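Chemist: fold the stuff below for me.
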Amino acid sequence: MFFAMSTNLLLALLLAISKVEGNPSGKDTDKGYTTGPLCISRDAMTDVNRKYGTSFQWADMRDRRKAEQVFFLYAKRWNSRTPEEVARRWNGGPEGMKKKSTLSYWKKVKRELLVMK
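Modeler: This is a model prediction of the structure:
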């Protein structure tokens, strides 16, 4: 496994991020910039396709299973090794760890993780 965290923690993180994103309908959000249950941006999807030779389409991001695949590949792509790194990069892109704006997002995700314990 490429993560320095357990599979259970990674799955809990996925669930926490899903709750924070709060888009169970899977419709477009942020004026069309993100879509699907995990609010995936076109940039993240394109980045995954470029890095791994996948062929995900924008409409695929509304499919929970495909969205989760992109989520895991994106975390792997940027060598995210902790829940905080995964969450902040998911929210702020590859440089998410350097952005103060992603701290509040991480706090929300962390709160969801603590509720699950």
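Chemist: if I pick Gly96, what's in contact with it?
Modeler: Arg88, Arg89, Trp90, Thr102 (CB atoms under 8 Å, 6 or more residues apart in numbering). C-beta coordinates here come from the backbone N, C-alpha and C atoms, glycine included.
Chemist: now, which of the residues you listed sits nearest Val20?
Modeler: Trp90 (9.6 Å; CB to CB).
Chemist: neighbours of Arg62, how many?
Modeler: Using other CB atoms under 10 Å, Arg62 has 18 other residues around it.
Chemist: ok, back up a step: top of the contacts of Gly96 by number of neighbours, please.
Modeler: In these, the most neighbours by other CB under 10 Å go to Trp90, 28 neighbours.
Chemist: tell me what the helix or strand it falls within is packed against?
Modeler: Assigned by DSSP states H and E, Trp90 belongs to helix 83-92. With contacts defined as 3 or more CB pairs under 8 Å, 6 or more residues apart in numbering; DSSP states H and E, helix 83-92 has these neighbours: helix 7-21, helix 64-77, helix 101-116.
Chemist: tabulate those helices (a markdown table), appending distance to Tyr33.
Modeler: Converted to a markdown table, the helices and strands packed on helix 83-92 look like this (distance: least, CB to CB, whole Å):
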| stretch | distance to Tyr33 |
| --- | --- |
| helix 7-21 | 13 |
| helix 64-77 | 15 |
| helix 101-116 | 15 |
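Chemist: tabulate the ones you listed in CSV, adding columns for mean pLDDT and distance to Pro83.
Modeler: Listed next are the helices and strands packed on helix 83-92 as CSV, based on pLDDT from 0 to 100; distance: least, CB to CB, whole Å:
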stretch, mean pLDDT, distance to Pro83
helix 7-21, 89, 5
helix 64-77, 94, 10
helix 101-116, 94, 7
